[in-house]
Each structure stands twice: as structure tokens, then as C-alpha cells.
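1. could you look at this predicted model? Sequence included:
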Amino acid sequence: MEQKQTLELIGRLSDAKGAPGFEDEVLQVLREEGAGLGSFTEDCMRNLFLSRAENKGSRPVVQLNAHTDEVAFMVQAIRPNGTLRFITLGGWVVTNIPAHRVFVRNADGEYIPGIIASKPPHFMSESERNKPLEISDLSIDIGASSREEAMKDYKIRVGEPVVPDVTFEYLPNGKLLLGKAFDCRIGCAAIIETMRRLQSKALNTDIVCDFSSQEEVGMRGASVTANTVKPDLAIVFEGCPADDTFTEDYLTQTALQKGPMLRYIDAGMITNPRFQRFALDLAEKLDIPVQHAVRTGGCTNGAPIHRSNRGVPVIVIGLPVRYAHTHYGISAYRDFDHAVKLASAILETITQEIIAKF
């Protein structure tokens with residue numbers, strides 16, 4: 001029953017439409033799934049906070065963070081033929097974008113289907129076939145035949161968000177999750193699941209969950225939430241790009257089915273080594289599998305959080321996602337479960353005295 005409920009949680013969050021700055025549907029799901037776990041508040045950036053029901057207000061504060069947005073697109077202009085010119089929101093590889101379904105929000109707030117189209121090879125010149133593909137070469141086709149029809153009948157406006165059209169699936173043979181936006185809806189789900197497992201348990205800290213906006217365009221939400229929560233300690237959940245399909249075995253550090261990934265460094269943060277070691281030692285003691293990663297690029301909300309206030313000890317619990325920043329991601333339920341177990345164990349163990357050692 002617990003796994004079924006968790007899969008429904010992950011699926012609802014994955015299917016929710018949440019381009020950076022337009023995370024409304026995601027927040028609605030989080031409010032519904034988190035009902036009874038504590039009190040929700042929200043700021044003007046659509047950062048959502050969940051304060052644990054058992055908080056006392058006089059203890060060290062632990063911030064649990066995950067971001068609600070996904071890599072997406074935005075309508076830039078409507079061409080005379082009714083197709084839509086668009087820009088990317090977040091990091092995409094251009095060649096991964098064409099020939100996929102999307103949803104485009106219109107003036108009524110409805111999401112209508114479209115296809116990302118490119119010029120057919122039959123009409124390409126030799127030079128067109130050989131040149132690198134650019135976003136300006138692509139269009140979104142919603143079925144309109146003119147600019148006027150797109151605006152009047154389909155109610156398309158410049159500045160509207162566009163998200164991948166993908167429906168979550170559970171693949172029971174490998175206990176795998178298939179869907180969009182696992183970066184970082186799977187992290188949002190991990191926070192809710194952690195709070196469920198800790199419900200009514202006696203802890204030594206207060207917990208504030210932070211579901212922050214606009215991570216994919218520069219970690220903007222977390223730059224605000226860290227200064228709102230003012231944590232003494234923070235755990236960042238992140239859907240991390242898996243490297244097990246293209247990297248030599250000895251260098252693979254984010255593989256499916258091998259547990260959450262704890263990174264020592266990335267482009268935005270050197271992880272607090274004392275907090276990192278505490279988490280790794282606890283995982284070993286409890287026989288929770290983890291992966292060790294030294295990243296040379298990318299960063300997470302840990303970057304703005306660890307630099308906030310007077311400095312905050314932060315670790316990143318990464319959930320491996322194959323094909324992150326594309327329409328489809330694949331993750332393992334086993335990794336999700338172990339990430340939640342590790343976070344829960346940390347929160348059940350941590351004390352003010354331990355935090356002071358970090």
C-alpha cells in the first residue's frame with residue numbers, strides 16, 4: 001500500500017506542468033499530498049514552504065529543499081503561418097528537442113497540444129543538412145494555419161509557457177519510473193515521503209520543507225528561500241543526471257539501482273566535508289547504499305543555500321535520472337526509497353551538538 005501511494009505521489013508531481021516561473025500546478029499537488037503534515041505558506045515567487053506540524057520554534061532548523069520547476073520553453077513569437085517560435089527555459093541539447101509533443105498554455109490557462117517541428121529532410125539543401133541545428137530552426141505546430149487563427153481560435157499569446165507532453169509510467173519489471181520532470185519532482189516527492197515517514201516521531205530539530213521555484217534558470221527561488229528559512233542545516237534533494245549509459249565503469253558515479261548520489265563538489269559548492277562524512281557513515285551503519293561523486297560541472301540549490309546567512313552546512317542527496325533535461329527520464333524506485341531512508345535517518349539522528357561540529 002505504501003509503495004502504491006508513493007508511486008501515485010511521484011506520478012502526480014511528474015505529470016504536473018511547471019515551467020520556470022509557472023509552477024502553479026506543482027504547488028497545488030504538493031499542497032494536496034502534504035495535507036496533514038504541517039502548515040503551508042507561499043511567497044510571491046511561488047516558493048512553497050511546509051513547516052512540520054511537530055515543530056516547536058525553539059530548536060535548530062533543518063531546511064529540506066527541492067525545486068518545483070522543469071526544463072521547458074516559452075512562446076517568443078507567432079509566425080505568419082501560425083506556427084510558434086520559442087525559446088528554451090533551462091539547459092536543453094537542441095538535437096533532443098524536435099519531433100516531440102508539448103503542451104502550450106493559452107490565454108484561458110488551458111494547455112493545448114502541439115508538436116515541435118523542423119524542416120523535413122526532403123526540402124533541405126546539402127548545407128542545411130550539415131549545419132548544426134538551432135532553436136530558431138524549430139517551430140511548435142498547434143494546428144493553426146495563420147497567425148490570426150493561432151491568436152483568435154487557439155488563444156495563443158507571446159510569453160506563454162510550454163512543457164513536454166509526457167505521462168508518468170511505472171515499469172514493474174525493473175521497478176523503474178518513466179516520466180518527465182524528474183529533475184526535480186522526484187526530489188519534491190522525496191521530501192513529502194520523508195515527512196510522511198517521520199510523522200509524529202520525536203525529533204531534536206524543527207523542519208521546514210522548501211519547494212523552490214526557478215532553479216533551472218539560475219537557482220533563483222532558493223536564493224530567496226534560504227534567507228526566509230534561515231536554516232542551521234540543509235538537505236537538498238536533486239534529480240541528478242545518471243552517467244551509467246555512457247561512462248566507463250570505474251568513472252560511473254550516478255548509476256541507477258545503486259542508491260542516492262552524494263557529491264563532494266560541483267561547479268557551485270564544495271560540500272561541507274563534516275556533514276558529508278556524517279551522512280556517509282550513517283548510511284554505512286544502516287546498510288543504505290550510496291554513491292560517491294566528484295562533479296566537474298553543474299550545480300544545485302545547495303549553492304545559494306550554503307552561501308546564505310552566515311553559511312549553512314549542506315549536503316545534496318541526488319536521485320539518479322537517466323536522460324535528464326529531455327522529454328523522458330528514467331529513475332529507479334529503489335534509489336528513491338534509499339534516498340528517503342537516508343534523509344529520515346539523518347533527521348532522526350541529528351542534534352544541536354552534532355550540527356555544531358559541522
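-> Noted; the coordinates are in hand. Numbering: from 1, shown residues only.
2. contacts, neighbours, all on C-alpha from now
-> Noted.
3. the stretch 201-350 of the chain: helices as residue ranges?
-> Listed in chain order, the helices of the stretch 201-350 of the chain (DSSP state H, counting those that start in this stretch) span residues 220-229, 273-285, 302-306, 333-349.
4. now render those helices as a markdown table, adding mean neighbour count and mean pLDDT.
-> Shown next, in a markdown table, are the helices of the stretch 201-350 of the chain (neighbours: other CA atoms under 10 Å; pLDDT from 0 to 100):
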| stretch | mean neighbour count | mean pLDDT |
| --- | --- | --- |
| helix 220-229 | 21 | 97 |
| helix 273-285 | 16 | 98 |
| helix 302-306 | 26 | 97 |
| helix 333-349 | 20 | 98 |
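5. those helices into a markdown table, with extra columns for distance to N47?
-> Formatted as a markdown table, these follow (distance: least, CA to CA, whole Å):
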| stretch | distance to N47 |
| --- | --- |
| helix 220-229 | 6 |
| helix 273-285 | 26 |
| helix 302-306 | 14 |
| helix 333-349 | 22 |
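6. what residues does stretch 298-307 touch?
-> With contact meaning CA atoms under 8 Å, 6 or more residues apart in numbering, stretch 298-307 is reached by 65-67, 215, 219, 222-223, 226, 234, 236, 238, 266-269, 311-316.
7. is H292 bridged to anything, and to what?
-> Under DSSP bridges, the beta-bridge partners of H292 are L262.
8. can you tell me how far V71 is from A202?
-> Distance, V71 to A202, by CA to CA, to the nearest Å: 38 Å.
9. give me the more crowded residue out of these two.
-> V71 (27 against 10; other CA atoms under 10 Å).
10. nearest residue to the more buried one other than its sequence neighbours?
-> Nearest non-adjacent residue to V71, counting by CA to CA, 6 or more residues apart in numbering: G90, 4.9 Å away.
11. next one: phi and psi at that neighbour?
-> The phi and psi values for G90, taken as degrees, to the nearest 10, are phi 100, psi 180.
12. tell me the confidence at it?
-> G90 carries a pLDDT value of 97.
13. repeat that for M1.
-> 60.
14. OK, contacts around the closest residue to G174 other than its chain neighbours?
-> Excluding the flanking residues, the one nearest G174 by CA to CA, 6+ apart is A332, at 7.8 Å. By CA under 8 Å, 6+ apart, the residues touching A332 are 174-177, 256-257, 320.
15. which of the helices of the stretch 201-350 of the chain sits closest to L198?
-> Of all these, helix 333-349 sits nearest to L198, with 6.8 Å by CA to CA.
16. next structured bit after that closest one?
-> Note on helix 333-349: by DSSP states H and E, the next helix or strand toward the C-terminus is helix 352-357.
17. just how off-centre is that next one within its chain?
-> 29 Å (CA atoms, centre = their mean, to the nearest Å).
18. let's test this: mean pLDDT of it, rounded?
-> According to the model, helix 352-357 has a mean pLDDT of 97.
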